[in-house]
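# I need the structure of the sequence given here:
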Amino acid sequence: MRRLVLGVLVLIIAMIGTASAQPMHKFGQGAPIMNKIQENVNATPAPVMEQKRIRNESCPTCTPIKEMIRKRIHEHLIKKERIQERIRELKIKHRMERIRLHIQKARQMCERAKMKYERAREMYMKLRARGLKDPETFRYAKQYICFGVDYVERWLEKLMVQVQNANMGEDQKERIMERIQNCLTALNESKDAVNSSTTPEELRNAVSELRKTWNEIRIEIKSIVGQIAVTKLEEVINKAEDVALRLESEIEALNASNVSVTKLEQTLNDYLEKLNLARQKLEDANEKFEEMANASNPNELYVEGRHLLMEARDLIREAFADIKVIYYEIQHLRVGHLFFGNETGELFIVGNGTAEIHLTGVAVILANGNATISPATSVVTAVGFESSVKDGVASMSGHGKAVVRGKNVTIRVEGDFIKIFAKGKGTATLSGEGVYKLKKSPHEKIVEEQYSGNVTLEFGVIE
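Presented below is the predicted three-dimensional model:
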């Protein structure tokens, strides 16, 4: 599709040159039974002796009622959690639906513009032998050019929708959006010049200016498309690295059960090395695409950038092959080895600020900031951090990674970049901004939420 779009205006300009040369619901608070009991109490005041007996915890009459009330309240809270979870799911679903509709609308507009361009081209091809001095040929020649420009403009607008919904930094997003808008403005000005022409000579001059504009815009479009491709692959790598944290915790859990994990660790290291190399190639490719705008050899830079993109894509595919091997091995090694009764939860955090976790299980920490871990003996490995131990507490600072395992472990991390995967039983208090994924137990769905401010979470079977 992209190559077709890039070739559309070239084809138009060539043909015009040839022709000119020829002739929800709201839920109430509290359990219904409590309202009923309150009505009965208000309607029929109990005697003094009865009131004393109601306050007596050992009263055989009121104990079943209290148990019923507790049960109803518990059921209500569970129902409320389920409703809130459903609301969260619907919000995510609606957001994805809006994005899908925006992309679909942009694609439909692009297709309609393409059909108009192809019809105008067909009519012009039938009449081009008459030359541009023929009024009908002249009219369809202008339509042919203008509809071709419309087609490119709609394609660029579809590109803008993709950028708006891309997972990239706001600064980069604004820069790319501004560049696309500049392309649209330049094309629109050239189209107006073509549309307002009244003689073959004016049309030839307008087409000549359009050719210059297109040669500049074509380089810009290639640069933008290349950067968007880099962003998409970087997002794939980010998710793949998140998977690596989970796998590392799984491997450490097996290690805690006295299972040999040497082969798994080697495969995981190979996986991470491939991802790191792929990320470096993407950074190099992005530099090539950014340099295109002011370079004397933009097409050469584009070819080099595309080559680096393909190399990064191949490395990612090879890394995914390693993932399959790791998952296969973990599933087989897990048999007969329970991890904390196999009734564990999972928590994944990405953000900035502070995270404090009280855990019985395993945690993998990747952070840029300061961390304290107690007891210090629960630290299995620590790489990159400057660390020290005092009074049984391990203190770390800088940018690094640590693996922690044990019972009743307290972890506190503070920094501008925090990424933690915890598996087991515990609580976490988060302060700052970020995203968490929570799986309370193996039988529950993963809940993904953004947080801003303070939030406390529980995972695993809390005793």
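# from here on, contacts and neighbour counts on C-alpha atoms
Fine.
# Quick check: the gap between the residue most central in space within the chain and residue 239.
Note on the chain: the residue nearest the mean C-alpha position is residue 167, at 5.4 Å, using Cα atoms, centre = their mean. Remark: distance between residue 167 and residue 239 (Cα to Cα, to the nearest Å) = 12 Å.
# Over to residue 220?
29 Å.
# Which one of the two is surrounded by more residues?
residue 220 (22 against 10; other Cα atoms under 10 Å).
# secondary structure class for that one?
Under DSSP: H, G, I helix; E, B strand; the rest coil, the three-state class of residue 220 is helix.
# Check the contact between it and residue 293; I expect there is one.
Yes. Residue 220 lies in contact with residue 293 (Cα atoms under 8 Å); the separation is 6.3 Å.
# My understanding was that residue 454 contacts residue 356; is that so?
No. Using Cα under 8 Å, residue 454 is not in contact with residue 356, being 11.2 Å away.
# Now do the shared contacts for these two.
Counting by Cα atoms under 8 Å, 6 or more residues apart in numbering, the contacts common to residue 454 and residue 356 are 429, 430.
# Which one's more surrounded, those two?
Per other Cα under 10 Å, whichever of residue 454 and residue 356 has more neighbours is residue 356, with 19 against 13.
# Confirm the more buried one sits in a strand?
Yes. Judged by three-state DSSP, residue 356 forms part of a strand.
# Find the nearest non-adjacent residue to it, please.
residue 412 (4.3 Å; Cα to Cα, 6 or more residues apart in numbering).
# Neighbouring strands of the strand or helix carrying the one you found in the sheet, and parallel or not?
Take DSSP states H and E as the rule and residue 412 turns out to sit in strand 393-439. Paired strands of strand 393-439, with direction, are strand 345-374 (antiparallel), strand 379-383 (antiparallel), strand 386-390 (antiparallel), strand 447-459 (antiparallel) (DSSP bridges).
# Show residues contacting the third one.
Around strand 386-390, the neighbours that count as contacts under Cα under 8 Å, 6+ apart are 376, 394, 395, 396, 397, 398.
# is it possible to export the residues you listed to TSV including pLDDT and distance to residue 274?
Converted to TSV, these look like this (pLDDT from 0 to 100; distance: Cα to Cα, whole Å):
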residue	pLDDT	distance to residue 274
376	93	32
394	94	31
395	94	31
396	94	28
397	93	27
398	92	24
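# And the helices in the chain?
2-21, 32-43, 48-55, 62-127, 135-164, 170-195, 200-256, 262-291, 298-334 (DSSP state H).
# Ok, which of those helices comes nearest residue 349?
Closest approach to residue 349 among the helices of the chain (Cα to Cα): helix 200-256, 9.8 Å.
# hang on, the earlier thing: and among the strands paired with strand 393-439, the most buried is which?
strand 345-374 (a mean of 23; mean count of other Cα atoms under 10 Å).
# How far does that one sit from its chain's centre?
21 Å (Cα atoms, centre = their mean, to the nearest Å).
# quick one: residue 351 from residue 194, how far?
Counting by Cα to Cα, the gap from residue 351 to residue 194 is 52 Å.
# And for residue 144?
Distance from residue 144 to residue 194, by Cα to Cα: 10 Å.
# quick one: which of these two has more around it?
residue 144 (27 against 23).
# The more buried one: what's it in contact with?
Residue 144 touches 12, 117, 120, 121, 124, counting by Cα under 8 Å, 6+ apart.
# Please name the nearest non-neighbouring residue to the last one.
Excluding the flanking residues, the one nearest residue 124 by Cα to Cα, 6+ apart is residue 140, at 5.4 Å.
# Please apply the same query to residue 362.
Residue 362's closest residue in space is residue 405 (Cα to Cα, 6+ apart), at 4.4 Å.
# wait, doesn't the one you found sit right on residue 365?
No. With contact defined as Cα under 8 Å, residue 405 does not count as touching residue 365 (11.3 Å).
# How is this structure partitioned into domains?
2-21+95-226, 232-334, 343-459 (automatic domain parsing).
# for those domains, which one ends up most surrounded?
Most buried among the domains of the chain, given mean count of other Cα under 10 Å as the contact rule, is domain 343-459, at a mean of 19.
# check contacts around the residue nearest to the centre of the chain.
Contacts of residue 167 (Cα under 8 Å, 6+ apart): 231, 232, 235.
# Arrange those residues in CSV, one row each, with distance to residue 182 and pLDDT as further columns.
Putting the contacts of residue 167 into CSV (distance: Cα to Cα, whole Å; pLDDT from 0 to 100) gives the following:
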residue, distance to residue 182, pLDDT
231, 21, 88
232, 23, 89
235, 27, 88
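# Show me which of these is closest to residue 440.
Nearest member of those to residue 440, counting by Cα to Cα, is residue 235, at 26.2 Å.
# Columns distance to residue 149 on top of the contacts of residue 144, output as a markdown table?
Rendered in a markdown table, the data for the contacts of residue 144 read as follows (distance: Cα to Cα, whole Å):
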| residue | distance to residue 149 |
| --- | --- |
| 12 | 9 |
| 117 | 9 |
| 120 | 12 |
| 121 | 12 |
| 124 | 16 |
